[in-house]
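Student: sequence below, structure please.
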Amino acid sequence: MTNLIHRQFNQKLPIAVKGDGPYIYDNFGKKYLDACGGAAVSCLGHNNKLIKKSISQQLESLPYAHSGFFTTDSAEELASMLSSLTPNPLNWVYLVSGGSEAVESGLKIARQYHYDRGYYKKSHIIARKQSYHGNTLGALAAGENIPRKKPYEPILLNSVHHISPCHYWRWGLKGESADDYGLRVANELEDKIIELGADNVSTFIAETIVGATMGAVPAVDNYFKRIRDICNKYDVVMILDEVMCGMGRTGQLYAFEYYSIVPDIVCVAKGLGAGYQPIGAMICNDMIYDSINNSSGYFQHSHTYSAHPVACAAGVSVLKEISKISTLNNIENLGIKLLNKLLEEFRDCPNIGNIRGRGLFIGLEIVSNNITKDSFDPKNKIHARIKKNAFDLGLMVYPMGGTIDGINGDHVLLAPPYIINDNHIDEIAKKLKLSITKAVLEIK
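Tutor: Have a look, this model is predicted:
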């Protein structure tokens, strides 16, 4: 294993050898409750026999066919299922291998939509601070996860601009209502479009619920309605990134359904393959598809493993499971139970500033004082201490630093599989409290 490059070069990791339900087992037999789905990926646990069977059957018939030569039954079925389950007019599906590719595809097709209509100057992208959209250069430029971007800034797009995120608990002004705050930060988009010139702006992109960079932060209720109106007014393509928060994670198949709006493009991945295969999708509306179809008729973009037959077969089985009304209702109910359990467990904890999220997508903001909302000194890396403490206890959580501005602030993200039960919820809450309590004591 000495030749494998790990994310952290000098880190020695345990070897994962088996999965069973929401647990992963290492080579010493220790089990870990996967309370974050890895990175909000393993939404159906680690040993779903129906998904494994669909993968095996596709492998037996055909493992690979390049999408430039053939289509396949599994790709056509997955696209049809996604189209039928996605609100109109989002009817056209481009299948890729993951979230970064899905976002990259969305940014490109938005630009081509303008280009094919003769609006050649519409190239600027507006996104939000404290967001993350993937690791390819276009997606990385669109995001504003500062630690991940910094080494690559000289080679990133210079046509991306950022406005404020929507995090009322952290940045709402004293006496400002949630609605007033939502309108104020949404109107920054219109201000930025006017500043750049509407003829120059192609796209606005945002995570519907901000994931790893801020820790499961939903927008206030009126925010996206105002964003939708602004995009319509200035002919700007609205992309919602649901790579982490989509595919049932919130209790609806798409998180944007809570806001009663429909974007022009939605990007999904992670939960679409549930960890069984790498699969993602960029889904665009009729307007974009028809415009390109009636002009160049060709999407100037592709990937070697686009619409991979085996990945698509897995996606079909996963989607059949997570799109059931019973599954979505269960996610919503489990999410309420988990949230209430966390609120109860941390009721008297001065180091939990805010617990937020939807469904089984929950974040806890870690603070030094929950009255002043002050964060811990970033040099203490309390998020890393929490992760280690939890892992030692057999609990996988997804903490991150830089929650507030890319440097300051810490949070813990929870995104457990949709198959957890009340016992797992108790285990998550109790072990997480022990992990946070120990981390705070370690730096005092």
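Student: give me the number of neighbouring residues for residue 153.
Tutor: 11 (other C-beta atoms under 10 Å). For glycine as for every other residue, the C-beta is placed from the backbone atoms N, C-alpha and C.
Student: next one: residue 37 from residue 22, what distance?
Tutor: The gap separating residue 37 from residue 22 is 9 Å, by C-beta to C-beta, to the nearest Å.
Student: between these two, which is the more surrounded one?
Tutor: A count of neighbours by other C-beta under 10 Å puts residue 37 above the other of residue 37 and residue 22, at 29 against 26.
Student: right, and the more buried one touches residue 43 too?
Tutor: Yes - contact criterion C-beta atoms under 8 Å: residue 37 and residue 43 qualify, at 5.9 Å.
Student: quick check: neighbours shared by the two?
Tutor: With contacts taken as C-beta atoms under 8 Å, 6 or more residues apart in numbering, residue 37 and residue 43 have 270-271, 275, 415, 417 as neighbours in common.
Student: and the helices in this structure?
Tutor: Listed in chain order, the helices of the chain (DSSP state H) span residues 37-40, 49-61, 73-85, 99-116, 137-142, 146-149, 168-171, 178-196, 223-233, 286-293, 309-322, 325-345, 382-392, 422-442.
Student: residue 29 is nearest to which of the ones you listed?
Tutor: helix 382-392 (15.4 Å; C-beta to C-beta).
Student: run a quick neighbour tally on residue 350.
Tutor: When neighbours are defined as other C-beta under 10 Å, residue 350 has 12 of them.
Student: which non-adjacent residue is nearest it?
Tutor: Nearest non-adjacent residue to residue 350, counting by C-beta to C-beta, 6 or more residues apart in numbering: residue 370, 5.4 Å away.
Student: for residue 31, see how far away that neighbour is.
Tutor: With distances taken as C-beta to C-beta, residue 370 is found 33 Å from residue 31.
Student: what of residue 205?
Tutor: From residue 205 to residue 31 the distance is 39 Å (C-beta to C-beta).
Student: repeat that for residue 76.
Tutor: Relative to residue 31, and taking C-beta to C-beta, residue 76 is found at 39 Å.
Student: touching both of residue 37 and residue 22, which residues are there?
Tutor: Contact criterion C-beta under 8 Å, 6+ apart; residues shared by residue 37 and residue 22: 416-417.
Student: who has more neighbours out of residue 205 and residue 31?
Tutor: More neighbours surround residue 205 than the other of residue 205 and residue 31, with 27 against 14 (other C-beta under 10 Å).
Student: show me the residues around that one that make contact.
Tutor: 103, 106-107, 125-127, 133, 142, 239-241.
Student: repeat for residue 352
Tutor: Taking C-beta under 8 Å, 6+ apart, we find residue 352 in contact with 346, 364-367, 370, 436.
Student: again, only this time at 10 Å
Tutor: Shown in contact with residue 352 (C-beta atoms under 10 Å, 6 or more residues apart in numbering): 342-343, 345-346, 364-367, 370, 412, 433, 436.
Student: same deal with residue 242?
Tutor: Applying C-beta under 10 Å, 6+ apart to residue 242 gives the contacts 99, 102, 207-209, 211, 249-250, 253-256, 263, 266-272, 283.
Student: now do it against residue 231, distance only.
Tutor: Counting by C-beta to C-beta, the separation of residue 242 from residue 231 is 17 Å.
Student: do residue 209 as well
Tutor: 19 Å.
Student: quick one, which of the two is more surrounded?
Tutor: Taking other C-beta under 10 Å, residue 209 and residue 231 do not tie; residue 209 has more neighbours (28 against 23).
Student: that one pairs with what?
Tutor: Beta bridges link residue 209 to residue 218, judged by DSSP bridges.
Student: can you check the pLDDT for it?
Tutor: According to the prediction, residue 209 has pLDDT 98.
Student: in this structure it contacts residue 257, no?
Tutor: No - using C-beta atoms under 10 Å, residue 209 is not in contact with residue 257; the gap is 11.9 Å.
Student: compare the mean pLDDT across the helices of the chain and name the weakest.
Tutor: The minimum mean pLDDT among the helices of the chain belongs to helix 146-149 (a mean of 90).
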